[in-house]
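Chemist: Mind folding the following:
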Amino acid sequence: MQIRKVVTLFLATLVTMQLVAKTPEKTLDQTYSDKKFYFATWGDPGAGTDAVKVAWMERLANAGITDILPGSDANQLKELIRIGNKYGIRVHAWHWMMNVGGAKECREHPDWYSVNSLGQTCLDYHPYVGYYSFLSPFSPGAREYVKNGVREIAKIKGLASVHFDYIRYVDVVLGADLQKKYKLNGKPLVQDRVYPEFDFDYHPLARKEFKAKFSMDPMDLPDKEENPAWKQFRMDAITSLVEECVQICHEEGTKASAAVFPFPELAREYVRQDWSHWNLDLFFPMAYKGDHQGNMYWVGFATKQGVRELKPGQLLFTGVAVGDYGDNMADFEEAIRQAHDNGAKGITFFHANALNDKHLAIIKKYDEIYNNK
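Modeler: As a prediction, the model looks like this:
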């Protein structure tokens, strides 16, 4: 019985290898000039056999998807790059940056973590959800940890980009619909102002540096929650870290991209993320209408605001959450049109395994409409 299982597994692997080998390798255009509009998706096939991964990739490619953003380890990324090369799909490494969850190495360095205006550190205090453990961009050790993580991934040959996620602070404000899911001090969460529990980063080094420049500890500012200089000072710390990480990616021969909040003004207000000033190659704003009580035109509005902030050579892929549309395929189609008509280079779906056959048929339809005229 054991011999039969081994033989069966060997034959399945052999068939998969033959399938991939017989598929002509496609030249992947890393400049995004071969199409007018692109389709991408966050997600990965999971821990399956080669046959499962090939089938997963082939299904997406047949619908016109050209880019995937998997949250995979290095070995899985290398496998996906190999298979993706056969199907004309670029692979971006989806990588968490400031939010490190329960990372053991980080927990050994309490001074690496972000601090709120109550003095609570993200090592022990996890706002909203248990996995929210944000590092401080003012901590030299935390910055090196983040950069080393980027450098390790950027060395993988054939990546389309290192894709930065959680490159920001803890949410100062949640989207209106998201607020309904959480409580503050046992009561329904209503963020009608900036609450100290969610106002980061009062790291000792941040306060020291700010005081050296502005002659005042930010804790003593009468309007510290809304003070423009203090807000910009914190955003600049994230921006400088982004620039260092972009340089690492470029030195290793790959692009840098990021999942960012829906449009620049909202990003600055909600998560202190000043992405319109970043020197990234690709932006993937998460225009999730369901988080912000938005309708169809939220997608187009967010796209337009982001596109007009781009520098020459930068590209924007509008991100939409598949779950926001349910079975309403007309609205799903409209989201694609809204992204395209407002200047995005492509659209990105969260997430791949939520795309059913109806979604993929619509993607294929619009791939033909936009790219085969």
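
Chemist: what about Phe283, helix or strand, and which?
Modeler: Using DSSP states H and E, Phe283 maps to strand 282-285.

Chemist: got the CA coordinates for the following helix or strand past that strand in PDB?
Modeler: For strand 282-285, the following helix or strand on the C-terminal side (DSSP H and E) is helix 296-307. Extracted in PDB, the C-alpha atoms of helix 296-307 (Å, rounded to 0.1, in the frame of the first residue of the first chain):
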ATOM      1  CA  MET A 296     -19.700  52.300  -6.600                       C
ATOM      2  CA  TYR A 297     -18.300  55.800  -7.100                       C
ATOM      3  CA  TRP A 298     -16.100  55.500  -4.100                       C
ATOM      4  CA  VAL A 299     -13.800  53.300  -6.200                       C
ATOM      5  CA  GLY A 300     -13.600  55.900  -9.000                       C
ATOM      6  CA  PHE A 301     -13.200  58.800  -6.600                       C
ATOM      7  CA  ALA A 302     -10.400  57.200  -4.600                       C
ATOM      8  CA  THR A 303      -8.700  56.200  -7.900                       C
ATOM      9  CA  LYS A 304      -8.800  59.700  -9.300                       C
ATOM     10  CA  GLN A 305      -7.400  61.300  -6.100                       C
ATOM     11  CA  GLY A 306      -4.500  58.900  -6.100                       C
ATOM     12  CA  VAL A 307      -3.700  59.100  -9.800                       C
END
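
Chemist: Go ahead and name everything in contact with helix 296-307.
Modeler: 262-266, 276, 283, 285, 287, 289, 292, 294, 316, 318, 320, 331, 334-335, 338-339, 341-344 (CB atoms under 8 Å, 6 or more residues apart in numbering). Placement of C-beta: from N, CA and C, glycine included.

Chemist: Might you report the residue contacts of Val242?
Modeler: Counting by CB under 8 Å, 6+ apart, Val242 makes contact with Phe164, Ile167, Ala258, Trp278, Asn279, Leu280.

Chemist: sorry, back to before: other SSEs contacting the strand holding Phe283?
Modeler: Secondary-structure packing of strand 282-285 (3 or more CB pairs under 8 Å, 6 or more residues apart in numbering; DSSP states H and E): strand 255-260, helix 296-307, strand 315-321.

Chemist: Rebuild these as JSON lines, extending it with mean pLDDT and distance to Leu241.
Modeler: Listed next are the helices and strands packed on strand 282-285 as JSON lines, based on pLDDT from 0 to 100; distance: least, CB to CB, whole Å:
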{"stretch": "strand 255-260", "mean pLDDT": "98", "distance to Leu241": "12"}
{"stretch": "helix 296-307", "mean pLDDT": "96", "distance to Leu241": "21"}
{"stretch": "strand 315-321", "mean pLDDT": "98", "distance to Leu241": "21"}
